[in-house]
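A.B. asks: Predicted structure and sequence below. I'll ask about it afterward.
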Amino acid sequence: MKNPLISIIIPVFNSEKTLNNCLNSVLNQNYKNYEIIVIDNNSTDGTKKIIDEFQNKNKRIRYLFEEKKGRGSARNTGIRKAKGKIIAMIDSDCIASQDWIKKITQKIRDGKEKAVMGFEEDFIGNYWTKNIQNANLNFIQNHLKKGYTASLDSKNFAIESKLMKELMFDENLGNLEDYDLALRMREYVKVKFLIEIKVKHLHKNSFFKWAKLQFNRAYWNAQIYKKHKKNINFKDEIMMKDFSIKNNLGTILLLIKIFTTKNDNHKLFLVISAISWKLGLIWGVIKSPNS
């Protein structure tokens, strides 16, 4: 595949503040054979107007509407309609470099890989976003094995279209649908991680936004655990270690250590992250999505 059609999937929900920059960056690529599929997931702000304006100027943009709420549902709608041999994904709060499409698909086009994941770059630079950036890097590094990642972040990701259409996202998950995909795709393919391929990302930039996200992720992590616990061995799975008594005792000791450490600029971030995550897990264990 020297010059195949690439389908860029962008799910959007009330994205009027970031969508202009995202679409401008994806339209300004040095790889030319691609389509952009924007999936509106029930936006109530000016998102649709922005998409219409871009469509009038550039015919490579395709607009789709997905009524069922959730990034998994939105992405699946785009995946089903994708015409490309390769699917690349980016989020509406991200900005791509001019060579993003070329780089994120290069190893797939060369036949060396079937799936590739890049990383992200913080472009706000406040206390919360800097700590989130570092935490995300540590998380990825803990999931790496010989250059392949056991986790998945679909905001900077490319995969063979045929494979993605077979796997799809679980539309019943409200978050961490990409982690669920990573668990399911391991028996089919490895995901190559290339840290040098980065998109600028709008991280959560406040105490409350980060705490809410951590809680929500943990809740859905518990649902993924319930879904897969009978057919996947979670013994060495980092995301699932919180379901062991031993690990929970370790977290308590970690919090004590954090509170007693002086002059640590990361203290507040670590405490909020740990507490929000634990509360989300507890809520996820005792409550099912349909109850």
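C.D. replies: Yep, that arrived.
A.B. asks: CA atoms for contacts and neighbours, from now on please.
C.D. replies: Noted.
A.B. asks: residues contacting residue 67?
C.D. replies: By C-alpha atoms under 8 Å, 6 or more residues apart in numbering, residue 67 lies in contact with 41, 42.
A.B. asks: and if you look at the one 4 residues further on?
C.D. replies: Contacts here follow C-alpha under 8 Å, 6+ apart; on that basis residue 71 touches 11, 41, 171, 174, 175, 177.
A.B. asks: Now do the same contact list for the fourth one.
C.D. replies: Right, residue 174. Contacts of residue 174 by C-alpha under 8 Å, 6+ apart are 70, 71, 72, 220.
A.B. asks: where does the stretch 101-250 of the chain dip in pLDDT?
C.D. replies: Within the stretch 101-250 of the chain, the stretches with pLDDT under 70 are 243-250.
A.B. asks: Do a quick rundown of the strands in it.
C.D. replies: Here the stretch 101-250 of the chain has its strands, by DSSP state E, counting those that start in this stretch, at 115-122, 144-145, 148-149, 156-160, 191-201.
A.B. asks: ranking the ones you listed by burial, who's on top?
C.D. replies: strand 156-160 (a mean of 25; mean count of other C-alpha atoms under 10 Å).
A.B. asks: how far off strand 115-122 does that one point, in degrees?
C.D. replies: Strand 156-160 runs at 170 degrees relative to strand 115-122, counting by axes from the mean of the first three to the mean of the last three C-alpha atoms, to 10 degrees.
A.B. asks: Bridged to residue 86, which residues?
C.D. replies: residue 6, residue 160 (DSSP bridges).
A.B. asks: The strands of the stretch 101-250 of the chain: which one's closest to residue 6?
C.D. replies: Residue 6 lies closest to strand 156-160 among these, at 9.4 Å (C-alpha to C-alpha).
A.B. asks: Now, the contacts of residue 71 that are in helices?
C.D. replies: residue 177 (DSSP state H).
A.B. asks: Dump the contacts of residue 71 to a markdown table, plus distance to residue 279.
C.D. replies: Output for those, formatted as a markdown table (distance: C-alpha to C-alpha, whole Å):
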| residue | distance to residue 279 |
| --- | --- |
| 11 | 28 |
| 41 | 28 |
| 171 | 24 |
| 174 | 17 |
| 175 | 16 |
| 177 | 20 |
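A.B. asks: Identify, from the contacts of residue 71, the entry nearest to residue 274.
C.D. replies: Of all the contacts of residue 71, residue 274 sits closest to residue 175, with 18.0 Å by C-alpha to C-alpha.
A.B. asks: returning to that earlier point: and the furthest pair within the contacts of residue 71?
C.D. replies: Across these (C-alpha to C-alpha), the longest gap, 15.6 Å, separates 41 and 177.
A.B. asks: Fine, thanks again, bye for now.
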